[in-house]
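**Student:** Fold the following.
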Amino acid sequence: MIGKLTFFLGLQIKQSEDGIFISQSKYAKNLVKRFSLENVKQMKTPMGSSQKICKDNVGENVDPTLYRSIIDILLYLTASHPYIMFSVCVCARFQGCPKISHLNAVKRIIRYVAGTCELGIWYSKDTNPNLIGYSDSDWVGDVDDRKSMSGGYFYLGNNLVSWYTRKQNCVSLSTAESEYVAAGSCCSQLIWLRHMLDDYDFSSNILVLYCDNLSAINISKNLVQHSRTKHIDIRHHFLRDLVEKQLAQIEHVDTLHQLADIFTKALDHERFSSLKKSLGLCNL
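**Tutor:** This next block holds a predicted model:
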């Protein structure tokens with residue numbers, strides 16, 4: 001009775017015969033204006049590739065309420081700006097005792113957002129119900145506790161529908177283990193998405209997950225390498241169980257084409273821009 005949906009909880013929605021475009025341009029512009037960063041130099045990436053954010057025991061304290069409010073705003077912005085997810089999640093670890101170095105890091109993210117306010121996600125009607133995921137990890141990515149970062153994102157047909165960045169709960173002893181743990185988490189997400197599709201009477205084919213680590217793929221298919229895998233907790237072999245039951249299929253993808261890289265580590269401008277385009281983001 002009131003027409004097509006155009007605005008909902010900070011999301012701007014444009015509908016057409018070909019699909020739906022979702023953005024948060026007004027929300028992003030208000031964010032930049034709120035912290036008076038609209039006239040400063042814009043950054044090319046949300047986090048420097050050589051920048052390692054960690055606990056700062058000697059830095060100057062900042063107002064925790066201010067810092068947490070910025071993190072909350074940025075986390076909501078990831079609904080249409082998934083490429084800042086990693087940077088925001090790293091900064092969110094220090095909400096308990098933020099320092100001036102941490103505040104400068106989140107301000108850099110806002111300065112990057114200032115140049116990408118109009119970007120959003122395009123959902124095309126010309127698609128299919130097949131679920132595909134990309135899984136990646138950054139071994140010992142956290143310099144404080146040496147835990148690895150997991151990252152993944154998922155397509156329904158050719159539309160990006162889900163993504164995440166998460167620090168692993170355990171310390172991995174090898175790159176293969178961290179990749180294997182990350183792949184298992186991604187498969188859990190794929191199964192959850194398939195259950196959601198079942199509720200809407202959509203049937204999908206075998207779940208396909210792309211990983212750039214051959215050792216992790218081999219472990220998921222063959223557990224004979226006992227000397228190399230006996231240190232891996234049994235709970236992580238959930239992935240192998242899915243492969244044995246032919247519910248999931250793990251495929252190798254070259255590191256250059258590993259799209260989940262953007263969710264696990266800070267990248268240089270060229271690599272970051274390339275992966276951002278691959279996410280299917282656009283201006284409308």
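**Student:** Local confidence estimate at the residue lying closest to residue 281 once chain neighbours are set aside?
**Tutor:** The shortest distance from residue 281 to any residue that is not its chain neighbour, by C-beta to C-beta, 6 or more residues apart in numbering, is 5.0 Å, and that residue is residue 119. No exception for glycine: its C-beta is placed from N, CA and C like everyone else's. Per-residue pLDDT puts residue 119 at 90.
**Student:** Return the residues in contact with residue 119.
**Tutor:** Contacts here follow C-beta atoms under 8 Å, 6 or more residues apart in numbering; on that basis residue 119 touches 23, 80-81, 281-283.
**Student:** Any chance of those residues in CSV with pLDDT and neighbour count as columns?
**Tutor:** CSV is the format used below for the contacts of residue 119 (pLDDT from 0 to 100; neighbours: other C-beta atoms under 10 Å):
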residue, pLDDT, neighbour count
23, 91, 24
80, 89, 20
81, 91, 27
281, 79, 18
282, 75, 13
283, 75, 12
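**Student:** and of those residues, the nearest to residue 112?
**Tutor:** residue 81 (9.5 Å; C-beta to C-beta).
**Student:** For burial, what's the neighbour tally of residue 146?
**Tutor:** Residues lying near residue 146 (other C-beta atoms under 10 Å) number 11.
**Student:** err, residue 65, not the other one
**Tutor:** Around residue 65 there are 8 other residues, counting by other C-beta under 10 Å.
**Student:** my read is it is in a helix, agree?
**Tutor:** Yes. Inclusion of residue 65 in a helix is indicated when DSSP: H, G, I helix; E, B strand; the rest coil is applied.
**Student:** And the pLDDT at it?
**Tutor:** Residue-level confidence at residue 65 comes out at 92, pLDDT.
**Student:** The stretch 101-250 of the chain: strands as residue ranges?
**Tutor:** Assigned by DSSP state E, counting those that start in this stretch, the stretch 101-250 of the chain shows strands spanning 120-124, 131-138, 149-156, 159-167, 207-211, 248-252.
**Student:** In contact with the closest residue to residue 240 other than its chain neighbours, which residues are there?
**Tutor:** Once its chain neighbours are removed from consideration, residue 240 has its nearest residue in residue 220; the separation is 5.0 Å (C-beta to C-beta, 6+ apart). Taking C-beta under 8 Å, 6+ apart, we find residue 220 in contact with 180, 183, 239-240, 243, 250.
**Student:** Would you write out the ChimeraX command that picks the buried residues out of the residues you listed?
**Tutor:** Applying 16 or more other C-beta atoms under 10 Å to the contacts of residue 220, the buried members can be selected in ChimeraX as follows:
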select :180,183,239,240,243,250
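**Student:** just curious, which of the contacts of residue 220 is nearest to residue 269?
**Tutor:** Comparing the contacts of residue 220 against residue 269 with C-beta to C-beta places residue 183 closest, at 28.3 Å.
**Student:** Most tightly packed of the strands of the stretch 101-250 of the chain?
**Tutor:** Mean neighbour count (mean count of other C-beta atoms under 10 Å) peaks for strand 131-138 among the strands of the stretch 101-250 of the chain, with a mean of 26.
**Student:** Which strand residues bridge the residue nearest to residue 163 when sequence neighbours are not counted?
**Tutor:** Of all residues not flanking residue 163 in the chain, residue 153 sits nearest, at 3.7 Å (C-beta to C-beta, 6+ apart). With DSSP bridges as the criterion, residue 153 is bridged to residue 134, residue 163.
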